[in-house]
Each structure stands twice: as structure tokens, then as C-alpha cells.
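[1] Got a predicted structure plus its sequence, pasted below:
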Amino acid sequence: MKKYSGRKVFVAVFISGRGSNLKSLINFSKKKISPIKIDIVFSNNKNAIGLKFAKEKKIKIVHLKEKNFYNLEKKLVKILNKRKIGLICLAGFMKILSNNFIKKFNGKIINIHPSLLPKYKGLNTHRRVIENKEDYTGCTVHFVNSKLDSGKIIFQKKIKIFKKDNEKTLAQRVLLEEHKIYPKAIMKILS
Ligand code: GRF
């Protein structure tokens, strides 16, 4: 594949836990074709396992510990602007951002969600698709707007649900696809 020739877009990744999507984004960012550089990782949870990947790769980490949401976002905006962040990738970030914050970074915040949006917004998607005996599920990368999991879809992958699937097996299969589509969605909007 050919080398990305433009100036790399500085990316901030927001996480709260495991961070497997963060890891896949870091790996992607190191490839020659990648249009991004992961500049900083924010976590509202200082024990998030995902932080260890960022540490290993010497990426700056910021723990969002302010209780007051207004102060927290004020601090965030300051850092993001100072570091010239061009794209914010939410990856398992369990806090809802304010409309004010979303407006400030309009069109620059994207999220990954483990369902075929617009179906199954919110939490526990795998449990609900199995309960509803769906034939297919999937994962989606979308722009973030003021409504939960409702922004414009950038990239989706559809996955067949087998009879023998349970919440765990399905979550594992969907996650593998998530790791592939997040980089693809970024390529789609940036290159
Ligand atoms: C993923 O399933 C993602 O779609 C959802 O939260 C989960 C985060 O997993 N928003 P990880 O922390 O990236 O491993």
C-alpha cells in the first residue's frame, strides 16, 4: 500500500476501559498509509487497561478526574486546541459529552458502536440482538452529534448471528470487526 503523503492529522482517543480499539488505532497509526498520529489519550478512569498500550507507545495520557463536568470539558477544550487535535475518536468512552463540546468540535468527533445503527443504540447491544432473535448484527463508526449514537454513519460491517451464538461469542466476533472498521472509517474521512 502506498505511503500517506499529506500532513498527519493529530488524533485524541477517549477511553474508559479495556482499550482494544485504542490498541488497533495505535497500530494503524504506525502504518505508512495512515493519515493519523495518535497524539493523546484521555481516560475518565485512571485504571483503564487500555492506558497501558498508550504508555508502551509513549503516547501522552490525561486522566480526566474533575468531578464537575463543566470544568472537565473546559480543561479538555484547552488541551485539544493547544495540541491542534483534528480528530477525536471515542473508543469505549462511557461519558456523554455536552452539546456545547460537540458543537465546538463539530464534524471532528467520531465513535464506534457495536451494532448496526440506527438499530440498537445505547448499551447491552449484543444481549438485546440475541433476545430479539435477530439474524444479523454488526458494528458502526459514526460522527457524534447531540443525540446518542445517532450521527451520520461513516462505515458499517454486517455480521451473521449463528444459532449457537451467545452474548460473549457475538461480542468477540463483533469486536474483531470493530478493530478493522475503525481504521477504514478514518481512511474514508481523511484520505
Ligand atoms: C466496543 O465494543 C465499542 O464498540 C463500544 O465499547 C467497546 C469498547 O471496547 N463503544 P474497547 O475498550 O475498545 O476494547
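    Done, it's in.
[2] And the pLDDT for residue 67?
    The model reports residue 67 with a pLDDT of 83.
[3] if I look at it, how far off is the ligand?
    In this view, residue 67 and the ligand are 23 Å apart by Cβ to the nearest ligand atom, to the nearest Å. Using the backbone N, CA and C atoms, a C-beta is placed for each residue, glycine as well.
[4] ok, that residue - how many residues close by?
    Using other Cβ atoms under 10 Å, residue 67 has 6 other residues around it.
[5] Could you do the one 4 residues further on as well?
    In terms of burial, residue 71 registers 10 neighbours under the definition other Cβ under 10 Å.
[6] give me phi/psi at it?
    phi -60, psi -40 (degrees, to the nearest 10).
[7] do residue 159 as well
    According to degrees, to the nearest 10, residue 159 has phi -130, psi 130.
[8] State whether residue 105 and residue 81 are indeed in contact, as I suppose.
    No. Counting by Cβ atoms under 8 Å, residue 105 sits too far from residue 81 to count as a contact (9.6 Å).
[9] Do you have the helices of the protein handy? List them.
    20-29, 51-56, 69-82, 99-104, 125-131, 167-190 (DSSP state H).
[10] From the contact counts, what lies against the fourth one?
    Judged by 3 or more Cβ pairs under 8 Å, 6 or more residues apart in numbering; DSSP states H and E, the packing partners of helix 99-104 are helix 69-82.
[11] what does the helix or strand of the chain with the lowest mean pLDDT contact?
    Using mean pLDDT, DSSP states H and E, helix 69-82 stands out as the lowest-scoring helix or strand of the chain, at a mean of 93. Here helix 69-82 makes contact (Cβ atoms under 8 Å, 6 or more residues apart in numbering) with 12, 40, 42, 62, 64, 66, 88, 97-98, 100-101, 104-105.
[12] Tell me the buried residues in it?
    Buried residues in helix 69-82, counting neighbours by 16 or more other Cβ atoms under 10 Å, are found at 72, 73, 76, 80.
[13] residues from the protein in reach of the ligand?
    By Cβ under 6 Å from any ligand atom, the part of the chain that sits against the ligand consists of 15, 17-21, 50, 91-92, 112-114, 175, 178.
[14] residue in the chain nearest to the ligand?
    Nearest to the ligand in the chain, going by Cβ to the nearest ligand atom, is residue 92, at a distance of 2.7 Å.
[15] who are the neighbours in contact with that residue?
    15, 16, 17, 18, 19, 21, 22, 50, 112.
[16] residues near the first one, how many?
    Neighbourhood size, residue 15 [other Cβ under 10 Å]: 28.
[17] show me where pLDDT drops low in this protein?
    1-2 (pLDDT under 70).
[18] what do you get if the cut-off is 80, keeping everything else the same?
    Scanning the chain for pLDDT under 80 picks out 1-3.
[19] partners of residue 110 in the sheet?
    Assessed by DSSP bridges, residue 110 has beta-bridge partners residue 89, residue 143.
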